[in-house]
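Colleague: Okay, sequence plus prediction incoming.
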Amino acid sequence: MSQTITITRPDDWHLHLRDDEMLRAVLPETARHFGRAIIMPNLVPPVVTANDAAAYRARIMDALPIGDDFQPLMTLYLTDKTNAVDVAAAYAEGLITAVKLYPAGATTNSDSGVTDIKHVMPVLEEMAAIGCPLCIHGEVTGADIDIFDRESVFIDTVLDPLRRALPELKIISEHITTKTAADYVMAADKNLAATITTHHLIINRNHILVGGIKPHYYCLPIAKREHHRIALRKAATSGDARFFLGTDSAPHTDPNKESACGCAGVFSATNTMSCLAHVFEEDGALDKLEGFASLNGPAYYGLQPNRAKLMLVKSSTPVEYPVSIETRDGPVTVFDPGYPLFWRVV
Ligand code: NCD
Ligand code: ZN
């Protein structure tokens, strides 16, 4: 007999949809399974003002398959020059759900990011006052800091001082990759939660580097040692409501990944729910999947869970997924967990 689980329709609390042809190609991959997603603003040029967010939202809605009720939750890209009044107005009218902090130069398309947190304190103070959440790419960028240490150094030198200075600011530490970050979130008394990606629950740094370099596993923050991956699995499957899904599904075409200087980003929208069901079942925590993927995120953001449901069925034969999806810009490789998946969304 086949096994089935039915959960509240999930949301993705960290997603890259890009624009134009890429947007049209990748949006259905997310909308097929997810009710809502926090849309990353790192376009070129980035989504900086309320007007930018309104225009981007309209382009996303235009790219949605007809009849689909997927809801994009927009964010603004924080820069040294962001205007607190513009942010407050966009939040008050429901146009944006959060603001995103990229340290300048931390990752793909982050050149306009914040050069020093001091420059954005007036905006952050306003956000704390009105309850607007801050999503953080938590990595320092100093050339002297080892890429595998960038997340933990960020916690010590930026995140912890910021939380002490502004305890009322609601923060999401995004795509955490270390035990250090998971422990830090668990120790927080309030106003701190974390998203975890699908791929960081599955790969460690050996998957990227052993037996030949695997560009499709290269993302930022970079996957760390195995004991960190295990700590992320524990956090995700623990039922602790401060941890929830943000896939960080980040499409780049194969030529841009398979290059002498390849882009960072893993595209996992297509098979994320199958991967997660596998992971949670493996850890004896299928009953915690709904919390992680569908309930903890909305609760932290102060939103209702989706009303619709999602059903997954486990079959005896592996689920077939495309190796890549076609876009007008070229193929985009789908995340390969490295083992067959048996849970299928129906
Ligand atoms: C993201 C992208 O491609 O936009 N890449 C990634 O490796 N995660 C940017 C980001 O979220 O860091
Ligand atoms: Zn991202």
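Modeller: The structure has been received and is ready for your questions. Bear in mind that the values here come from a model prediction, so they are computed numbers and not experimental data. Ligands and ions are numbered 1, 2, ... in the order given.
Colleague: all helices for the stretch 151-300 of the chain, in order.
Modeller: With helices called from DSSP state H, counting those that start in this stretch, the stretch 151-300 of the chain shows them at 160-165, 179-187, 205-209, 226-237, 254-257, 272-282, 289-290, 296-301.
Colleague: Okay, now the sheet partners of the helix or strand following the last one, with direction.
Modeller: The one in question is helix 296-301. Heading C-terminal from helix 296-301, the first helix or strand you meet, by DSSP states H and E, is strand 309-314. Looking at strand 309-314 with DSSP bridges, its partner strands are strand 3-8 (antiparallel), strand 343-345 (antiparallel).
Colleague: Other residues contacting the last one?
Modeller: This means strand 343-345. 32-33, 273-274, 277-278, 281, 310-315, 319 (C-beta atoms under 8 Å, 6 or more residues apart in numbering). Placement of C-beta: from N, CA and C, glycine included.
Colleague: Among those residues, which one sits closest to Ser152?
Modeller: Closest approach between the contacts of strand 343-345 and Ser152, by C-beta to C-beta: His278, at 28.6 Å.
Colleague: Isn't the closest one up against Phe342?
Modeller: Yes - at 7.0 Å, His278 counts as touching Phe342 under the criterion of C-beta atoms under 8 Å.
Colleague: quick one, which of these two is more surrounded?
Modeller: Using other C-beta atoms under 10 Å as the criterion, His278 and Phe342 rank with His278 on top: 22 against 19.
Colleague: Contacts only, for the residue lying closest to that one once chain neighbours are set aside.
Modeller: In space, His278 comes closest to Leu341 once its chain neighbours are excluded; the distance is 5.4 Å by C-beta to C-beta, 6 or more residues apart in numbering. Applying C-beta under 8 Å, 6+ apart, we find Leu341 in contact with 271, 274-275, 277-278, 318-319, 321.
Colleague: re the thing from before, any idea which of the helices of the stretch 151-300 of the chain gets closest to Ser152?
Modeller: helix 179-187 (4.5 Å).
Colleague: Other residues contacting the closest one?
Modeller: Applying C-beta under 8 Å, 6+ apart, the set of residues contacting helix 179-187 is 138, 151-152, 155, 159-160, 173, 176, 192-194, 227-228, 230-232, 234-235, 240, 242-243.
Colleague: of the residues you listed, buried ones?
Modeller: With burial judged by 16 or more other C-beta atoms under 10 Å, the buried subset of the contacts of helix 179-187 is 138, 151-152, 155, 159, 173, 176, 192-194, 228, 231-232, 234-235, 240, 242-243.
Colleague: Restricted to strands, list these.
Modeller: Residues of those located in strands (DSSP state E): 173, 192-194, 243.
Colleague: Among the residues you listed, find me the one that's closest to ligand 1.
Modeller: Of all these, ligand 1 sits closest to Ser173, with 12.8 Å by C-beta to the nearest ligand atom.
Colleague: wait, isn't that closest one in contact with Leu162?
Modeller: No - contact between Ser173 and Leu162 fails when scored by C-beta under 8 Å: they sit 10.8 Å apart.
Colleague: Within range of ligand 1, give me the residues from the stretch 51-200 of the chain.
Modeller: Residues of the stretch 51-200 of the chain lying close to ligand 1 (C-beta under 6 Å from any ligand atom) are 107-109, 137.
Colleague: ranking these by neighbours, who comes first?
Modeller: His137 leads those on contacts (other C-beta under 10 Å) with 25 neighbours.
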